[in-house]
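Chemist: Got a sequence here, can you model it:
(one chain, ligands or ions: 1)
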Amino acid sequence: MNASEDKLAPAVRSILATARERSGGADRLDVDARSFPEAVAATESAGRVPVVAEVKPTSPTTEGERTDDPVALAREMVSGGATALSVLTEPEHFGGSAENLRRIREAVDVPVLRKDFVVREAQLDAVESDLILLIARFLDEDGTDSLAALYEAASERGFQPLVEVHTREELARALDLGAEIVGVNNRDLGKLEVDLDTFERLAPHVPEDVTLLAESGVTSVGDVRRMRAAGADALLIGTAIMDGDVEANTERLTTVDAERASRRKSADAERTSGAGGEEAVKAERDAKPTSAESTDANRGLAKSTDTTPRNTDTNQ
Ligand SMILES: O=C(O)c1ccccc1NCC(=O)[C@H](O)[C@H](O)COP(=O)(O)O
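Modeler: Residues are numbered from 1 along each chain as shown. Down below sits the predicted model:
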């Protein structure tokens, strides 16, 4: 254990210790991945919020364990409008498995993220997935198992790497290696505390052409609006979806402002088709955010004015 690991919460130290012990796959994988950026764009065009719903049977910060069939849960998430799924494959602390992921990916047609604590190249070969998580905090700057080395090894196999960051320094490392999909984890893996300000602080420093996820701690419709106003292309949501009726929870969080988005689309369509008059004016007026919604948007904009390469007002 090095000095920085000493600062990690005991549960995370234990997760890392078991991750280092875990074996990899027997053969090198060659994945034909379903495109995540395309899935996000399709969800946007349909006027819904892109959500990566997480099959997370348990975790160090959750009470109890959900023992339903993970494939049934995954299907409910897709029925509820999930753009992609995240499947925990970590067995000891999250109740996941590579077999769960394999079965789920076979049963659905959306992109599937392998959520695990991969620390060695051979572990990439444990099971096929469309996206694979690489956590900057747990990967070295140099060497055979560095973030850059695993990023390259994952890309060569056909995975779309999702590089997870929590600080400006980690974000710089992700952008330096050309990461196209970046997740800002609102959960500090040192203390296991969640703070949505983390995403709001980092998002303005992420270029527009990067697909940006807000991860962890999104529990309500208000949180969805807040992360979207701060510039999230997609949200990774576990606990709030797993707790109760999975399909209804997914639907509630993917349809935030859907009605307004569809009104805005009809206003745009009428404007471009040349139809004007009272109907277009009414459609446009109806599509405007309420004052509460504007407040959310303005907060995102206000925080991003210094550097903003990213439009922080995505769904308004
Ligand atoms: O979720 C935990 O308790 C946890 C503990 C230690 C390390 C990682 C942990 N979570 C990993 C995740 O990234 C989340 O599962 C994911 O972002 C979803 O978060 P949430 O919506 O808050 O369940």
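
Chemist: Give me the number of neighbouring residues for the residue in the stretch 201-316 of the chain positioned nearest to the ligand.
Modeler: Using CB to the nearest ligand atom, the closest approach of the stretch 201-316 of the chain to the ligand is made by residue 238 at 2.9 Å. Backbone N, C-alpha and C define where each C-beta goes, glycine included. Using other CB atoms under 10 Å, residue 238 is surrounded by 22 other residues.

Chemist: wait, it sits on residue 56?
Modeler: Yes: Residue 238 lies in contact with residue 56 (CB atoms under 8 Å); the separation is 4.1 Å.

Chemist: Residue numbers of this structure in contact with the ligand?
Modeler: Contact residues (CB under 6 Å from any ligand atom) of the chain with the ligand: 11-12, 15, 54, 56, 59-61, 185, 187, 189, 192, 215-218, 236-240.

Chemist: ok, of those residues, which come out buried?
Modeler: Neighbour-count burial (16 or more other CB atoms under 10 Å) is assigned, among these, to 12, 15, 54, 56, 59, 185, 187, 189, 215-218, 236-240.

Chemist: So which of the residues you listed sit within strands?
Modeler: With strands taken from DSSP state E, the overlap with these comprises 54, 185, 187, 215, 236-237.

Chemist: now the end-to-end length of stretch 64-78.
Modeler: End-to-end span of stretch 64-78 (CA to CA, to the nearest Å): 24 Å.

Chemist: could you give the mean pLDDT of it?
Modeler: What stretch 64-78 shows for mean pLDDT is 96.

Chemist: How far does it sit from its chain's centre?
Modeler: 18 Å (CA atoms, centre = their mean, to the nearest Å).

Chemist: Please apply the same query to stretch 156-174.
Modeler: The mean C-alpha position of stretch 156-174 is separated from the chain mean by 12 Å, CA atoms, centre = their mean.

Chemist: and residue 273, what pLDDT?
Modeler: 74.

Chemist: and the residue nearest to the spatial centre of the chain, bridged to which residues?
Modeler: In the chain, the centroid-proximal residue (CA atoms, centre = their mean) is residue 236; its distance is 3.4 Å. On the basis of DSSP bridges, residue 236 is bridged to residue 52, residue 215.

Chemist: Do a quick rundown of the helices in the chain.
Modeler: With DSSP state H, the ranges of helices along the chain come out as 10-21, 36-45, 70-79, 91-94, 98-107, 147-157, 168-176, 197-202, 221-229, 239-242, 246-254, 258-272, 277-287, 291-304.

Chemist: weakest of those in terms of mean pLDDT?
Modeler: Minimum mean pLDDT among the helices of the chain: helix 291-304, a mean of 35.
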